[in-house]
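**Q** Fold the following.
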Amino acid sequence: QRKRQAAFGSVGRRIPYRILHVINQDGESLGNMHRADALRLMDQHGLKLVLLRENVEPPVYRLMTGQQIHEEQLKRAEKKKASPKPGMYTKELSFSSAIAKNDLETKTKQIAQWIEKKHHVKVTVRQAK
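**A** Have a look, this model is predicted:
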């Protein structure tokens, strides 16, 4: 319940606004209508009203099936995972081209650990003097 609310705001019958802009399940605009008319339409078609944008006047709601709601939640979760997180670190490693074999192996192991931890890694190789 909490995840659904976080993803969409309100789903279903709890609508705090009197006038809504309603979009049907195919993405076509049905125009502005009163909350009671939108609920009646929702019941007739067996769909749910989902808040898309509330910062506009009137707020935009869409009629969706349960499957469409689930798919939209999955899309938003994937998008959230793909976006860089505020705690994401970039690790930078710099070494000479005349590095010893053991040192190179140690550094490659360290780079592999950083990549497993989902850090961004930047490697700089300097030319030996």
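**Q** In the protein, where is pLDDT below threshold?
**A** Along the chain, segments meeting pLDDT under 70 span 1-13, 83-87.
**Q** could you pull out the strands for it?
**A** Using DSSP state E, the strands of the chain run over residues 19-23, 29-34, 48-53, 60-64, 90-96, 120-126.
**Q** ok, which stretches of this protein are helices?
**A** Residue ranges of the helices in the chain, as given by DSSP state H, are 2-8, 35-45, 66-82, 101-116.
**Q** which helices and strands sit right next to the second one?
**A** What it means is helix 35-45. Here helix 35-45 touches strand 19-23, strand 48-53, strand 60-64, going by 3 or more CB pairs under 8 Å, 6 or more residues apart in numbering; DSSP states H and E. Every residue, glycine included, has its C-beta placed from N, CA and C.
**Q** so what's M64 up against?
**A** Residues near M64 by CB atoms under 8 Å, 6 or more residues apart in numbering: Q25, L47, K48, L49, V50, E72.
**Q** can I get the CA coordinates of stretch 39-47 in CSV?
**A** What follows is stretch 39-47, C-alpha atoms only, in CSV (Å, rounded to 0.1, in the frame of the first residue of the first chain):
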residue,chain,number,x,y,z
LEU,A,39,-15.8,7.9,-10.2
ARG,A,40,-19.0,6.8,-12.1
LEU,A,41,-16.9,6.4,-15.3
MET,A,42,-14.3,4.4,-13.3
ASP,A,43,-17.0,2.0,-12.0
GLN,A,44,-18.6,1.6,-15.4
HIS,A,45,-15.4,0.4,-17.0
GLY,A,46,-14.0,-1.4,-14.0
LEU,A,47,-10.8,0.7,-13.9
